[in-house]
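Chemist: Below are the sequence and a predicted model; questions follow.
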Amino acid sequence: MSSAKRKVYMEKVINSAVIKELFKDSSDIVIRPVTISQNNIKFHLFGVDGMMDTQLLDEAILRTIKMDPYLSGCLTERMVMDYFLD
């Protein structure tokens with residue numbers, strides 16, 4: 001991860017609870033909880049209903065993420081975020 005991205009990430013710690021609270025009254029926000037089964041790390045993917053193909057998300061992206069061999073070695077949510085931000 002570039003130092004600029006890392007700095008922004010460190011300065012603005014936003015987690016799924018904050019995002020859920022921000023959009024709690026918005027019916028078009030789609031929240032997909034994801035658990036990496038190899039290490040039981042949980043995170044959420046957020047999107048806007050009608051602007052994304054949820055079937056494609058489920059079948060292609062989520063399946064790929066769950067099967068990524070690198071993610072099985074991540075021990076913390078932070079390691080997962082760093083991987084995605086790179």
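Modeler: All right, it came through fine. Residues are numbered from 1 along each chain as shown.

Chemist: My guess is Ile29 contacts Phe23. True?
Modeler: Yes - counting by C-beta atoms under 8 Å, Phe23 is a contact partner of Ile29 at 4.3 Å. In short, each C-beta sits where N, CA and C put it, glycine included.

Chemist: which residues do these two both contact?
Modeler: The contact sets of Ile29 and Phe23 overlap at Phe46 (C-beta atoms under 8 Å, 6 or more residues apart in numbering).

Chemist: the helices in this protein, which residues?
Modeler: Residue ranges of the helices in the chain, as given by DSSP state H, are 3-11, 16-22, 54-56, 63-67, 77-85.

Chemist: Now do the shortest one: everything it contacts.
Modeler: Which is helix 54-56. Residues contacting helix 54-56 (C-beta under 8 Å, 6+ apart): Val30, Gly47.

Chemist: Give me the average confidence score over that helix.
Modeler: Averaged across helix 54-56, pLDDT comes to 83.

Chemist: same deal with the fourth one?
Modeler: The predicted model assigns helix 63-67 a mean pLDDT of 78.

Chemist: List the buried residues of that helix.
Modeler: Across helix 63-67, burial judged by 16 or more other C-beta atoms under 10 Å covers no residue at all.

Chemist: Dump that helix to CSV, restricted to CA.
Modeler: The C-alpha coordinates for helix 63-67 follow below in CSV (Å, rounded to 0.1, in the frame of the first residue of the first chain):
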residue,chain,number,x,y,z
ARG,A,63,-16.6,-16.6,-4.3
THR,A,64,-13.2,-15.3,-5.6
ILE,A,65,-12.5,-13.4,-2.4
LYS,A,66,-13.4,-16.3,-0.2
MET,A,67,-11.1,-18.6,-2.1
